[in-house]
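Student: mind folding the following:
(chains A and B)
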There are 2 protein chains.
Amino acid sequence: MKQSQLFTKTLRDAPKDEVSLNAQLLIRAGYADKLMAGVYTLLPLGLRVMKKIENIIREEINAIGGQELYMPTLNPKENWEKTGRWESLDSLITLGFDEEKNMALAPTHEEIISPLAKKFISSYKDLPFSAYHFQNKFRKEKRAKSGLLRGREFIMKDLYSFHTDQEDLDVFYEKATEAYRKIFDRSGIGEKTYLTFASGGSFSKYSHEFQALTDAGEDLIYICEKCSVAVNREIIEDVDHKCTQCGKGNLKEAKAVEVGNIFKLGTKYSKPFNLIYTDKEGKENDIIMGCYGIGLQRLMGTIVEVSHDEKGIIWPESVAPFKVHLISLQKDKETEKIYANLVKAGIEVLYDDRDTSAGEKFADSDLIGIPYRLVVSKKSLDGGGVEIKKRGDNTSKIIPVKDIKNELK
Amino acid sequence: MKQSQLFTKTLRDAPKDEVSLNAQLLIRAGYADKLMAGVYTLLPLGLRVMKKIENIIREEINAIGGQELYMPTLNPKENWEKTGRWESLDSLITLGFDEEKNMALAPTHEEIISPLAKKFISSYKDLPFSAYHFQNKFRKEKRAKSGLLRGREFIMKDLYSFHTDQEDLDVFYEKATEAYRKIFDRSGIGEKTYLTFASGGSFSKYSHEFQALTDAGEDLIYICEKCSVAVNREIIEDVDHKCTQCGKGNLKEAKAVEVGNIFKLGTKYSKPFNLIYTDKEGKENDIIMGCYGIGLQRLMGTIVEVSHDEKGIIWPESVAPFKVHLISLQKDKETEKIYANLVKAGIEVLYDDRDTSAGEKFADSDLIGIPYRLVVSKKSLDGGGVEIKKRGDNTSKIIPVKDIKNELK
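Tutor: Sure, this is the predicted structure:
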C-alpha cells in the first residue's frame, strides 16, 4: 500500500488524558484512535494487526476442533437471572428500550451458549464438542486507564467446551493449554508469557492464566524459574509462597498482564440451564464445561508494551501490519519497480511515497515499527542497491535489488 | 467437514413465535438460532455464509479504494448531540453505567467518522478518500417480525466518502453504485435487485436504494422495465408515477427489500464537526460526504427469501457454506476416499457420514441447500460412479469418480 493514500497519519502527540504507553504509541503511530476512556477505534493499520492476531487464534483453535459461531451482544435479562449474574456481576452493563432494564451487553457468553447447546445435545454421542466466537464484549469499567489493556468495549475470543465427564474435560483442557501456548508464541510474546496458577473455584483446585511480563501489568505473579510457571497473587498465600509444580520457594515477583485464561467450569453453567446428556446406560447426567478466553485488544496492547523502544513500536513479524516499509528518498522509477515486484511476490509492503523529508520518513518508520525497512536513495543506489535494516537493530546493510526477495525470506 | 462432528443439527420446527420464512428456514436448517426477537446467533453453517457475503463486499469496496477500519459500538452522547440525532433518532438505543444515559449503541457511524476524519484531513491534498467497516449495529425496533431482514442487532458494512466538491462526490458515487451492483450480482440476487430512486434530502434530488423483489419485502417499489430501475413509494407521487430516467408511466408495483442504500450527505455531518479543508487558494471549505450501507444479515435473509423451494434453501454457489454435500448411504472406504480427494483439491465439502436413514439425509440436504449433492451408494457404484444433482434441479446423473472434480469446475 502507498502511504500517501492512507487517510491516517502519525501524530506528534497522543491525547493529554491518555496515560498508558501502549495507547500512546498506538495512537501516535496511527493504529488506534481514542473515542472515549476504554473505547478505541482501530484505524486501517491497527485493523491489519488485529486481523493477524485473530487469524493466529482462529488457526490454533480450529486445530483443536473448535467450531466457530457468532453469538449476539444484546442478551435477554432472563438468561443472566438464571445464573444469578444479573445481580452479582458488577461489571455487567444493563439497558432497555424503555425505562425498564431488561437486557445486558454480554461481557462473556456462558449464559448464551449453555441454553444453545441444550437445543442440540442430548446423548453422550453428541459429546464432546467445543465452539468459539470472536465478538465485541462490554464491561462497566469505572476507571479505564490502561489503554488497550483494559477496555469498556473490546473483541474477545471465547471458547467453550462440553464433556461427559471430568477426564474428558481434562484431556481437552490440556489441548487448549497447548493451543494457547502456540498462540502466544506465534504472537511474539511467548518467552515473556507464563502459565500461571490461579484460584479454581468449586470444581477444580486451580484455573490457569497466561501472564505476560510487563511493568504495565496490573497483576503480580510469582515465577518459578525452574518450572517456567508462575503463581497468581490471589493464591500465593494459599500455596505458602511455593511453586505448585516442584514445591520450591524463592519465587520471583513480577508485574504482568493476563493475556489469556482457561477455566474448568464443571457444572456451574450447565446446571442452571438443565444442560444434561443421557449416557450409555440411559441415565441422565450434567454436562461438564470448560471456558477459554483471550482479549484481542489486550493482546495487541501487551505486544506493544513488551516490544517497543524509545522511538516506537517493534512489531513481531507475525502480527506486523506489513512486513516491509519501503522508503524512497527520491521519487524514481527504481523504487516504483521495487514496490511493484514486492507486491507481485505477495510480500506485504507499505511504500512511503510521500513528499516529505528523509528525517520525517525515518522517524515515522521507527514509530510505526514494521519489521524490515528498505531505503532507496542515491547513496544506496551508488552503493549497489538498497539499504535494508531490521527494526530494532542498529546496523543496516546495502544489498543488490535482485537479492531483496531472498533477504526477506 | 464431517457432518457427524457439527454440533448443530437440523430441526423439525422453528420456534412458534418465528413468523418470517427466512428465519424459519435458517433456524430449521441449522444456520441461525433465535435468542430473542430481532437477535439471532449465527451457527457454524450460518457464519460460513456470512463470511462469504462479507468477503464479497470487502473485495468490491477495496476495489474502489475503500480503507477498512473498525469503529466502536459504544458512543459518547456528545457526538450524537452535535448532530441533533441524540434527540431526533427514535431508533437510537441509549444507556449509561449509572442512572444517567450518556452513551449510545451506534446504529450508524457518521457521528464517529466525521470527527475522526477531522484529526487527519486538513488540505485538499488529503482528499478524496473513503473508509468503511463491518460492525455490529443496534436499533430500537419495537416490533421485529421479519427474521433476519430487520434485526435489533445486526452487522453492517458502512462506507463513508470524503470530497472537496460535488463533482468529486458524483464520480465516487457512480463507482459505489457499480460496486453495489457487483456485490448483489455476486451474491446471486442481481437479477431481482433494482436500483431504486428515493428521496434525496437537501443536498441531492435523489438518493438510491437497491431493492430486491420478494413478497417478504416491507417496501413497495415501482419498476420501469425499459430502464431496469425503480422508484420508491416515498417519492412516487412527487415523480407523478413516472420513471425518473425515461419519463415513461405504467410502472409495475412490487414488494421489495432494501438490501443497500447510497446517499449524498453533502455537508450534513461535516458541518456539525467543523470538518473543513483548505483549498489551493488557501480558502477553507466544508468537506462533502457520501455514505453507503449494506446490512449483512438482511442480505443473507433476502437471499433465502429469493432462493428457496418447499424443501428448503437453494444457496447461490458464491455464498453457500459448502460447494458440495457428499452423502454416503453406505459407510465405505470409497466415500472416505472421495471426501479426502475433494478436501485435497480445495473443494469445500460437507460430508454426511451420520448413521441415519437415506430419507433423512436427503431431506436434510434439501433443507440445508448446498449447491451440489453427491450420493455414493451401492446403486451408484454399480451404475459406474456417484450420483450428482444440482440443488433445485429435478434430474441427477451418474458420473465416474474420476470425473467429479471436472464436473464441479
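
Student: quick one: residues contacting residue A:169.
Tutor: A:161, A:163, A:264, A:288-290 (CB atoms under 8 Å, 6 or more residues apart in numbering or on different chains). C-beta here means a position set from N, CA and C on the backbone, and glycine is covered the same way.

Student: recalculate using a threshold of 6 Å.
Tutor: Neighbouring residues of residue A:169 by CB atoms under 6 Å, 6 or more residues apart in numbering or on different chains: A:163, A:288, A:290.

Student: residue A:68 too?
Tutor: Counted by CB under 6 Å, 6+ apart, residue A:68 has contacts residue B:47.

Student: ok, the one 4 residues further on next?
Tutor: Applying CB under 6 Å, 6+ apart to residue A:72 gives the contacts B:35, B:39, B:153.

Student: can you tell me how far the first one is from residue A:385?
Tutor: Distance from residue B:35 to residue A:385, counting by CB to CB, to the nearest Å: 59 Å.

Student: equivalent analysis for the second one, please.
Tutor: Here the distance between residue B:39 and residue A:385 works out to 58 Å (CB to CB).

Student: where does chain A have low pLDDT?
Tutor: The model of chain A has pLDDT under 70 over residues A:331.

Student: residues of it that sit close to chain B?
Tutor: Contact residues, chain A versus chain B (CB under 6 Å from any CB of the partner chain): A:7-9, A:33, A:35-36, A:39, A:41-44, A:47, A:67-74, A:76, A:95, A:97, A:116, A:120, A:129, A:136, A:140, A:153.

Student: for the strand ranked longest in chain A, which positions count as buried?
Tutor: Ordering each strand of chain A by length in residues (DSSP state E) puts strand A:252-266 first. The neighbour-count check on strand A:252-266 (16 or more other CB atoms under 10 Å in any protein chain shown) flags A:254, A:256-266 as buried.

Student: equivalent analysis for stretch A:333-342, please.
Tutor: A:334-335, A:338-339, A:342.

Student: of all those residues, which comes closest to chain B?
Tutor: Of all the buried residues of stretch A:333-342, residue A:339 has the smallest distance to chain B: 17.4 Å, by CB to the nearest CB.

Student: is it true that the closest one touches residue A:351?
Tutor: Yes. With contact defined as CB atoms under 6 Å, residue A:339 and residue A:351 form a contacting pair (4.7 Å).

Student: between the two, which contacts overlap?
Tutor: Shared contacts of residue A:339 and residue A:351, defined by CB under 6 Å, 6+ apart, comprise residue A:326.

Student: any idea how far residue A:292 is from residue A:333?
Tutor: Relative to residue A:333, and taking CB to CB, residue A:292 is found at 52 Å.

Student: with residue A:239 instead?
Tutor: 66 Å.

Student: need the strands for the stretch 101-250 of chain A, in chain order.
Tutor: A:103-105, A:129-138, A:153-163, A:193-199, A:206-213, A:219-224, A:229-232 (DSSP state E, counting those that start in this stretch).

Student: buried residues, stretch A:211-226. List them.
Tutor: A:211-214, A:216-217, A:219-224.

Student: and it, end to end?
Tutor: Stretch A:211-226 has an end-to-end distance of 17 Å (CA to CA, to the nearest Å).

Student: over to stretch A:301-316?
Tutor: Note: stretch A:301-316 ends 13 Å apart using CA to CA.

Student: what of stretch A:198-212?
Tutor: Note: stretch A:198-212 ends 14 Å apart using CA to CA.

Student: next one: it to chain centre, how far?
Tutor: 19 Å (CA atoms, centre = their mean, to the nearest Å).

Student: in that stretch, what counts as buried?
Tutor: For stretch A:198-212, burial by neighbour count (16+ other CB under 10 Å) applies to A:198, A:203-204, A:206-212.

Student: returning to that earlier point: ok, which of the strands of the stretch 101-250 of chain A comes nearest residue A:247?
Tutor: strand A:219-224 (9.3 Å; CB to CB).

Student: tell me the angle of the longest strand of chain A relative to strand A:219-224?
Tutor: 100 degrees (axes from the mean of the first three to the mean of the last three CA atoms, to 10 degrees).

Student: what's the angle between strand A:252-266 and strand A:153-163?
Tutor: Using the same axes, to 10 degrees: strand A:252-266 against strand A:153-163 is 50 degrees.

Student: partners of strand A:252-266 in the sheet?
Tutor: strand A:206-213 (antiparallel), strand A:219-224 (antiparallel), strand A:288-295 (antiparallel) (DSSP bridges).

Student: show me what the closest residue to chain B within the stretch 151-300 of chain A is bridged to.
Tutor: Closest to chain B within the stretch 151-300 of chain A is residue A:153: 4.6 Å, counting by CB to the nearest CB. Following DSSP bridges, residue A:153 is listed with bridge partners residue A:138.

Student: assess the claim that it and residue B:71 are in contact.
Tutor: No. Using CB under 6 Å, residue A:153 is not in contact with residue B:71; the gap is 10.5 Å.
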